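Visitor: mind folding the following:
(one chain, ligands or ions: 1)
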Amino acid sequence: MRDICQQFIDGHWRSSYGGRCLDVIDPYRETVIAKLTAGDARDVDASVRAARQALPAWRRLSGEARGQYLEGLADGLADQHTALCRTISLNGGKPLAESQLDVDDAIACYRYYAHLARQLDACQGEPSAQSVAGVEVRRYFDPVGVVGLITPWNFPLVTAAWKIAPALAAGCTVVFKPSEVVPVPEQAIADIAQTIDLPPGVLNLINGDGPSIGEALTQHTGVDKISFTGSNPTGESVMRAAATGVRNVSLELGGKSPIIVTEDADIAQAAYLVMNGIFANAGQICSATSRLLVHQAIAEDLYAALSQHIDALVMGDPLDEATTLGPLVSDKQRDAVSRYLAFAKDEGLIPVREASHREVPRQGFFVAPTVFRDVPVESRLWQEEIFGPVLCARQFASDDEAIAIANDSDFGLAASIVSGSHEKAADIARQLSAGSIWTNMDQLAPPQAAWGGGKKSGIGRELGPEGLSAYQELKQVMAPS
Ligand code: NAD
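Guide: Residues are numbered from 1 along each chain as shown. Below you'll find the predicted structure:
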């Protein structure tokens, strides 16, 4: 495991111009596992110049050749699978089984965009499907150019893959800034790029925090597009920065997703899906279904089933295969979630079980898994993204009431429905405002299906063909026919 995170610019690892050193923490042992030397505006400038220089040759390369490099990145991750899972769990605190999903989904994403890259050559210059009398219209898909990619800590390899893979497939060159909180797994991507002889400058990785390099990257007018995943306050400042020079921006931001359990739902299935929806990765998932709407006729049964599941959660060392609930990623995140538990006390919210009934381990940034019932819609806990293992529940009397409450949110990222009738679930899904909706199934985000939300959950889509389009400029060439 890399214990010093520096700058990967123009095909080489080098020390940072910026000299500030940040500690990278293991959130279970509360120890320093690596050092990160934060870059500054000079590192950003060097990486943007390298990406600019590499752009003409990279975009000229055939889609077939770019696809081969993407397969190489996927193979490199697959070769290091076991080590990467351990690194993700060590640095991010998620149980090993969840780290495996991070690596597997990242590999699948590189392979999927390798496949789309190979198809690109055949699409270039295709006649438009819309006929114009007397005019021939041909369509070309140019890369947007040099792109700045900024990611959060909760799925370090996946959130990176969702951006890097389509950007490279489209013919863009990349300056990637991983989160400073969980940066260690992502360094492997630059190592693999070096191993597979990806041309220098095509993929640059710069380390640092928001003030040291995130801002400098978004403000650099040599960057043609910014794709950002993270919190809403940061997303707003990224969007402001992108306004200078009228630059393209995609935003994947927060969520407060509902899970609706209808009267005819199977309690065991509902309890399983509700648990996974909020306690996977200790609730630190943008699409976490953190608002439970359950039909009043089955609410008590569901709460009882949830209590049993919570009792069965194993809190402990993320590297121990028995662990099912790890610590939060940092002391800062633990404190932020704990503040919501204090608001809950002030608001008089009632836990389904006493929040304190599960003792948390003494070591590690743990918060007890908690379910509040009868939460008023005005409550801060109902409205705001908590990003921790805290579920807010309330009952409903009719499906129309559930739909109205579910849609009454600033966010529109995802939703889940558990119902005894697939037709009813599909009907409710059509009426919800969310980018991804799961009916009677776990939360899946396969690379073939677009991801992203409306309202304050962001702008644009990742994954699927739409994820590739996000890094392309459509060019139409017209001639008399
Ligand atoms: P964050 O906004 O604190 O940081 C995200 C990234 O932005 C980090 O790399 C950080 O260094 C960088 N950054 C910070 N300030 C910056 C600035 N001023 N300019 C440019 N970059 C800056 O978010 P986080 O705490 O790392 O992640 C949690 C958030 O991410 C949650 O709100 C979650 O919902 C969201 N998220 C969304 C999705 C999605 O697909 N919609 C996926 C994962 C996480």
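Visitor: buried set for the top helix by length along the chain?
Guide: Using DSSP state H to define each element, the chain has its longest helix at helix 96-123. Using 16 or more other Cβ atoms under 10 Å as the test for burial, helix 96-123 gives 96, 98-114, 116-118, 120. Glycine gets a C-beta too; all of them are placed from N, C-alpha and C.
Visitor: other SSEs contacting that helix?
Guide: When contacts are defined as 3 or more Cβ pairs under 8 Å, 6 or more residues apart in numbering; DSSP states H and E, helix 96-123 sits against helix 63-79, helix 81-92, strand 135-143, helix 156-170, helix 464-469.
Visitor: if you count neighbours, what's buried in the second one?
Guide: It stands for helix 81-92. For helix 81-92, using 16+ other Cβ under 10 Å, the buried residues are 84, 85, 86, 87, 88, 89, 90, 91, 92.
Visitor: how far off helix 63-79 does it point, in degrees?
Guide: 70 degrees (axes from the mean of the first three to the mean of the last three Cα atoms, to 10 degrees).
Visitor: touching the ligand at all, helix 81-92?
Guide: No - Helix 81-92 stays clear of the ligand (Cβ under 6 Å from any ligand atom), getting no nearer than 11.0 Å.
Visitor: the protein against the ligand: which residues are in contact?
Guide: Applying Cβ under 6 Å from any ligand atom, we find that the chain lies next to the ligand at 150-154, 159, 177, 179-180, 209-210, 214-215, 218, 229-231, 234, 237-238, 252-255, 286, 385, 387, 413, 457-458.
Visitor: out of those residues, which end up buried?
Guide: 150-154, 159, 177, 179-180, 209-210, 214-215, 218, 229-230, 234, 238, 252-255, 286, 385, 387, 413, 457-458.
Visitor: ok, back up a step: ok, so of the buried residues of helix 81-92, who is nearest the ligand?
Guide: Set against the ligand, the nearest of these by Cβ to the nearest ligand atom is residue 92 (11.0 Å).
Visitor: now do the contacts for the residue nearest to the closest one when sequence neighbours are not counted.
Guide: With Cβ to Cβ, 6 or more residues apart in numbering as the criterion, residue 92 has its nearest non-adjacent residue at 4.5 Å, and that residue is residue 182. With contact taken as Cβ atoms under 8 Å, 6 or more residues apart in numbering, residue 182 is in contact with 24, 88, 91, 92, 153, 154, 156, 329.
Visitor: also residue 216?
Guide: 40, 41, 44, 45.
Visitor: would you confirm that the second one contacts residue 211?
Guide: Spelled out, that is residue 41. No - between residue 41 and residue 211 there is no contact under Cβ atoms under 8 Å: 10.9 Å.
Visitor: who's more crowded, those two?
Guide: For residue 41 versus residue 211, neighbours defined as other Cβ atoms under 10 Å are more numerous around residue 41 (16 against 11).
Visitor: what's near enough to touch the residue of the stretch 1-150 of the chain found nearest the ligand?
Guide: The nearest approach of the stretch 1-150 of the chain to the ligand comes at residue 150, 4.8 Å away (Cβ to the nearest ligand atom). Taking Cβ under 8 Å, 6+ apart, we find residue 150 in contact with 177, 214, 217, 218, 226, 227, 228, 229, 230, 238.
Visitor: same question for residue 162.
Guide: By Cβ under 8 Å, 6+ apart, the neighbours of residue 162 are 109, 229, 451, 462, 463, 467.
Visitor: any idea how far it is from residue 468?
Guide: Distance, residue 162 to residue 468, using Cβ to Cβ, to the nearest Å: 11 Å.
Visitor: which neighbours do those two have in common?
Guide: Counting by Cβ under 8 Å, 6+ apart, residue 162 and residue 468 have no common neighbour.
Visitor: any chance you could map the helices in the stretch 251-400 of the chain?
Guide: Ranges of helices within the stretch 251-400 of the chain are 267-279, 299-312, 331-347, 380-383, 399-407, based on DSSP state H, counting those that start in this stretch.
Visitor: got TSV for these, with mean pLDDT and mean neighbour count too?
Guide: What follows is the helices of the stretch 251-400 of the chain, written out as TSV (pLDDT from 0 to 100; neighbours: other Cβ atoms under 10 Å):
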stretch	mean pLDDT	mean neighbour count
helix 267-279	98	21
helix 299-312	95	17
helix 331-347	97	16
helix 380-383	98	18
helix 399-407	98	17
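Visitor: and the residue lying closest to residue 359 once chain neighbours are set aside, how many neighbours does it have?
Guide: With Cβ to Cβ, 6+ apart as the criterion, residue 359 has its nearest non-adjacent residue at 7.8 Å, and that residue is residue 368. Neighbours of residue 368 under the rule other Cβ under 10 Å: 21.
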